[in-house]
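Enquirer: Next one to model:
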Amino acid sequence: MSRRLNATNHSSDATMDIAKSPYRASDSFGSLTFSGDVMLKRLPPDVYMNLQRTIKQGTPLDPAIANTIAGAMKDWAIEHGATHYCHWFQPLTGTTAEKHDAFLSVAGDGSAIEKFSGNQLIQGEPDASSFPSGGIRDTYEARGYTAWDCTSPAFILRTGDHCTLCIPTAFVSWTGEALDKKTPLLRSIQAVSKQAMRILKVFGTDAGVSQVITTLGVEQEYFLIDRELYQQRLDIAITGRTLVGASAPKGQQLEDHYFGSIAERVLAFMSDVEARLFELGVPVKTRHNEVAPGQYELAPTFEAANVATDHQMVSMHVLKTVAPKHGFECILHEKPFAGVNGSGKHNNWSLSTDSGHNLLDPRENTHSNMQFLVFLCAVIRAVDVWADLLRASIASAHNDHRLGANEAPPAIMSIYLGDMLTDILNQLESGETKRTKNGSALDLGATTLPQIPRHTSDRNRTSPFAFTGNKFEFRAVGSSQAVAWPNTVLNTIIAESLDTLATMLEKKVGKNATQAKLESAVKSILQETVKKHRRVCFDGNGYSKEWHDEAAKRGLPNMPSTADSLPALKTKRATDLFAKYGVFTARELKARFEILVEQYVKIMRIEGRTLSTMVRTQILPAALRYQSELADAVAGAQAAGVECPDSEAALREHVQRISQLRVAIAEVDKTEGKHIDDVEKHMRQIRDELFPAMQKCRTVCDELERNMPDDVWPLPTYAEMLLLR
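Expert: Take a look at the predicted model:
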């Protein structure tokens with residue numbers, strides 16, 4: 001069977017641009033979002049101002065204005081072709097969910113009317129028992145609620161000729177417990193704001209500030225492969241990654257794909273994606289080729305974290321749905337192709353006041369910017385104290401293939417600060433800050449080229465948590481992951497750290513604060529914090545064995561797998577942390593632990609079954625056909641009296657590989673088929689038995705692929721999938 005296609009063609013850092021309003025970026029681009037100018041034009045002034053207070057200041061929503069907003073939203077949506085609306089939410093599946101209801105209703109006299117009330121806007125009622133709940137809801141306990149999140153703009157999603165009004169919502173059970181990713185995220189954002197405001201109050205910089213906004217810009221890496229080839233790969237179609245596949249002769253060795261010229265067909269896809277995202281208010285800014293062949297990146301500007309999180313889910317949806325229109329399949333798996341770089345989702349995180357001041361901007365004379373240094377040290381402390389939870393927040397069966405490989409941040413949580421901030425930490429530890437390292441200019445040696453400013457620090461792509469000028473880049477987040485969960489954890493540990501430092505400051509400064517007392521208290525607290533927690537700071541090569549050895553000496557946890565890291569979520573200290581800041585109840589956190597463990601088990605078992613199916617129905621039959629061809633060739637030569645030792649040796653080797661494959665796949669079936677009631681023990685069994693068995697089976701399959709004719713091998717190869725454009 002020939003799989004050759006006709007040759008005819010069918011990252012970057014997110015820019016820090018946080019605005020006072022979480023809708024600012026959407027206003028610039030959106031024509032299909034109910035936000036900004038759209039609301040201003042369609043809502044009465046008093047209703048608009050009331051809603052804006054909720055959005056900008058976090059005040060409770062006045063139910064009395066819901067009917068007016070619903071009517072305006074319905075009229076706007078219908079004008080844009082929408083016939084249905086849905087409450088769009090993020091259940092614990094890691095994807096989004098929606099149930100469409102028509103605006104059209106039948107009146108009592110039998111006439112048809114278009115109806116959408118305030119009650120329908122504010123609350124929906126999906127089936128809570130049909131989504132993962134970790135035991136919060138049983139099959140016979142089905143009632144759940146969705147609640148309108150007015151801080152994230154509603155939007156119109158076009159699918160073919162159909163338009164649907166999507167209303168971002170939270171999803172909770174009948175008991176009020178969170179069954180989604182948005183509700184805890186909103187709680188964590190509130191917790192950070194509360195504790196950050198205490199720091200601002202101590203410094204007397206809280207005037208005109210009503211809340212501190214968690215800001216986010218999420219870079220998305222992805223692969224594109226030809227859809228015709230994708231449809232021939234059962235493993236990619238079912239699991240999102242190749243379970244077998246020999247490396248292509250050319251991969252990323254020449255380093256020629258990164259930032260290379262974008263192929264015309266790919267650029268057409270990217271342009272289509274951007275146009276659709278602009279319509280939906282997603283402020284995408286950057287596109288480029290990534291490191292691996294067939295790999296690309298999309299990056300937005302910054303937004304308020306809740307809006308950015310919703311926009312990230314929309315971005316993944318648009319990437320996946322637009323790709324087939326260009327003959328592609330978009331793959332978001334963290335490691336779809338062994339032997340080449342996998343994909344991450346760089347989570348650029350910062351804090352800003354609602355008056356527009358970025359609290360993680362060092363500004364000039366950083367050594368004397370005590371407020372910035374308090375926020376910086378709070379982050380350092382949080383990553384050190386809660387490294388296990390931060391690691392657990394990005395744990396998944398998918399990310400296990402990527403973390404710690406020679407391409408992605410290791411599973412050891414550490415912070416890169418760069419030369420300037422490291423020097424200031426040294427000064428803080430000594431008890432006195434006197435200087436800030438300034439950048440310089442680079443003379444490029446040609447008079448026609450300008451002198452360009454040189455930053456005070458380099459960048460470190462091996463750090464899982466790197467300071468990049470005025471934000472932290474959490475680089476370990478997986479490309480297929482919903483970012484609400486890691487940001488919920490990050491926000492919570494930052495809130496705890498800010499709480500700790502604020503309490504220390506308030507105690508030392510006292511009620512009758514003076515500038516001298518404040519400076520003395522800040523210096524003392526920062527010195528203590530740096531001495532105790534700077535062990536988590538590391539500016540070197542995070543991939544190196546030397547760092548792993550050094551991290552062990554420093555006492556930093558190293559949790560290479562999901563099975564190692566998830567148990568951190570069920571500890572008493574984790575339960576107490578999330579409960580203290582109102583992010584998760586004990587039962588909500590326990591449910592998430594159980595769901596994540598169960599998802600790991602299910603994903604790996606699906607992979608094992610898929611591999612078994614492919615081997616038994618595709619690879620083994622093809623290998624046996626080739627064995628027959630080899631045997632016929634050897635027999636024919638022998639019948640003609642021709643000696644063919646090479647062919648005989650090739651036949652023996654091939655028969656031996658088939659035998660090895662039978663043994664290997666039998667082991668996969670055996671380990672996959674084990675039933676263990678304790679799901680946590682089952683997770684460890686899969687890590688220790690099933691995954692290694694699958695790797696051994698893959699090794700044999702890949703060796704067969706390297707030694708079988710192309711027209712006999714039943715699957716598209718790496719070369720075809722990654723290099724054909």
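Enquirer: Give me the most central residue, this protein.
Expert: Centroid-nearest residue in the chain: Q481, 3.9 Å away (criterion: CA atoms, centre = their mean).
Enquirer: where's the closest residue to it other than its chain neighbours relative to T183, distance?
Expert: Nearest residue to Q481, sequence neighbours excluded (CB to CB, 6 or more residues apart in numbering): K345, at 6.1 Å. Every residue, glycine included, has its C-beta placed from N, CA and C. Here K345 is placed at a distance of 21 Å from T183 (CB to CB, to the nearest Å).
Enquirer: before we move on, the earlier item: now do the same contact list for the residue nearest to the centre of the chain.
Expert: G94, K345, I394, S396, H398, N399 (CB atoms under 8 Å, 6 or more residues apart in numbering).
Enquirer: what's the helix or strand for it?
Expert: Here Q481, judged by DSSP states H and E, is contained in no helix and no strand.
Enquirer: Return the distance of it relative to A623.
Expert: In this view, Q481 and A623 are 37 Å apart by CB to CB.
Enquirer: and what of F578?
Expert: 52 Å.
Enquirer: Ok, Q312 next?
Expert: According to CB to CB, Q312 stands 43 Å off from A623.
Enquirer: Could you do Q211 as well?
Expert: From Q211 to A623 the distance is 63 Å (CB to CB).
Enquirer: Between the two, which has more neighbouring residues?
Expert: More neighbours surround A623 than the other of Q211 and A623, with 26 against 19 (other CB atoms under 10 Å).
Enquirer: So that one sits against I658, correct?
Expert: Yes - counting by CB atoms under 8 Å, A623 does reach I658; the two are 5.2 Å apart.
Enquirer: Find residues that contact each of these two.
Expert: Shared contacts of A623 and I658, defined by CB under 8 Å, 6+ apart, comprise L704.
Enquirer: K345: how many residues sit nearby?
Expert: By other CB under 10 Å, 27 other residues sit near K345.
Enquirer: my read: it touches L216, true?
Expert: No - the pair K345 / L216 is not scored as a contact, 11.1 Å apart, by CB under 8 Å.
Enquirer: got any residues that touch both of those two?
Expert: Common neighbours of K345 and L216, using CB under 8 Å, 6+ apart, are V483.
Enquirer: all strands for the stretch 151-300 of the chain, in order.
Expert: For the stretch 151-300 of the chain, strands defined by DSSP state E, counting those that start in this stretch occupy the ranges 154-159, 162-173, 212-218, 220-226, 284-289, 295-300.
Enquirer: go on, the stretch 451-600 of the chain?
Expert: Counting by DSSP E, counting those that start in this stretch, the strands of the stretch 451-600 of the chain are 452-454, 465-467, 472-474.
Enquirer: and those, which one is worst for confidence?
Expert: Among the strands of the stretch 451-600 of the chain, strand 452-454 carries the lowest mean pLDDT, a mean of 65.
Enquirer: And for P709, nearest residue in space, chain neighbours not counted?
Expert: Using CB to CB, 6+ apart and skipping residues adjacent in sequence, the residue nearest P709 is Y626, 6.9 Å away.
Enquirer: pLDDT wise, what is that neighbour at?
Expert: If you check Y626, the pLDDT there is 97.
Enquirer: Next up, the contacts around it.
Expert: Counting by CB under 8 Å, 6+ apart, Y626 touches H654, M708, P709, V712.
Enquirer: how about these in JSON lines, adding distance to A516 and secondary structure?
Expert: Formatted as JSON lines, these follow (distance: CB to CB, whole Å; DSSP: H, G, I helix; E, B strand; the rest coil):
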{"residue": "H654", "distance to A516": "83", "secondary structure": "helix"}
{"residue": "M708", "distance to A516": "79", "secondary structure": "coil"}
{"residue": "P709", "distance to A516": "83", "secondary structure": "coil"}
{"residue": "V712", "distance to A516": "83", "secondary structure": "coil"}
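Enquirer: what about burial for these, which qualify?
Expert: Neighbour counting by 16 or more other CB atoms under 10 Å classes H654, M708 among those as buried.
Enquirer: now the contacts of Y626 in a markdown table, with distance to Y140 and pLDDT?
Expert: Output for the contacts of Y626, formatted as a markdown table (distance: CB to CB, whole Å; pLDDT from 0 to 100):
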| residue | distance to Y140 | pLDDT |
| --- | --- | --- |
| H654 | 56 | 97 |
| M708 | 53 | 96 |
| P709 | 57 | 95 |
| V712 | 54 | 96 |
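Enquirer: Of the contacts of Y626, which is the nearest to L611?
Expert: Comparing the contacts of Y626 against L611 with CB to CB places M708 closest, at 17.9 Å.
Enquirer: That closest one: what's its closest spatial neighbour, skipping adjacent residues?
Expert: Leaving aside its sequence neighbours, M708 sits nearest to Y626 (CB to CB, 6+ apart; 5.3 Å).
Enquirer: before we move on, what about M313?
Expert: T96 (5.3 Å).
Enquirer: likewise E429?
Expert: In space, E429 is closest to V530, 4.8 Å off (CB to CB, 6+ apart).
Enquirer: tally of neighbours for that neighbour?
Expert: If you count neighbours by other CB under 10 Å, V530 ends up with 22.
Enquirer: In this structure it contacts Q427, no?
Expert: No - V530 is beyond contact range of Q427, at 9.4 Å (criterion: CB under 8 Å).
Enquirer: Now the common contact residues for those two.
Expert: Counting by CB under 8 Å, 6+ apart, V530 and Q427 have no common neighbour.
Enquirer: ok, F337 - contacts?
Expert: F223, R241, T242, G245, A292, G294, Y718, M721, L722.
Enquirer: Can you tell me the SS state at it?
Expert: Three-state call for F337 (DSSP: H, G, I helix; E, B strand; the rest coil): coil.
Enquirer: how close does it get to V244?
Expert: Applying CB to CB to F337 and V244 gives a distance of 11 Å.
Enquirer: With G36 instead?
Expert: 50 Å.
Enquirer: Settle it for me: which of the two has more neighbours?
Expert: Of the pair G36 and V244, V244 is the one with more neighbours under other CB under 10 Å, namely 22 against 18.
Enquirer: before we move on, which element is the nearest residue to that one once chain neighbours are set aside in?
Expert: Distances taken as CB to CB, 6+ apart put C701 closest to V244, at 4.0 Å, once the chain neighbours are dropped. Element membership for C701, per DSSP H and E: helix 691-707.
Enquirer: So for that helix, what gets flagged as buried?
Expert: F691, A693, M694, K696, C697, R698, V700, C701, D702, L704, E705.
Enquirer: same thing with stretch 80-89?
Expert: Result for stretch 80-89 [16+ other CB under 10 Å]: buried residues A82, H84, Y85, C86, H87, W88, F89.
Enquirer: returning to what we had before: who touches the residue nearest to Q481 in this structure?
Expert: Counting by CB under 8 Å, 6+ apart, K345 makes contact with V218, E219, Q220, E221, Q312, V477, G478, S479, Q481, V483.
Enquirer: among the residues you listed, who's most crowded?
Expert: Going by other CB under 10 Å, G478 tops the contacts of K345 with 28 neighbours.
Enquirer: show me what contacts that residue?
Expert: For G478, the contact set (CB under 8 Å, 6+ apart) comprises E334, S343, G344, K345, I394, S396, H398, N399, R402.
Enquirer: The second one contacts Y222, correct?
Expert: Just to be clear, that refers to S343. Yes - between S343 and Y222 a contact is recorded at 6.0 Å, counting by CB under 8 Å.
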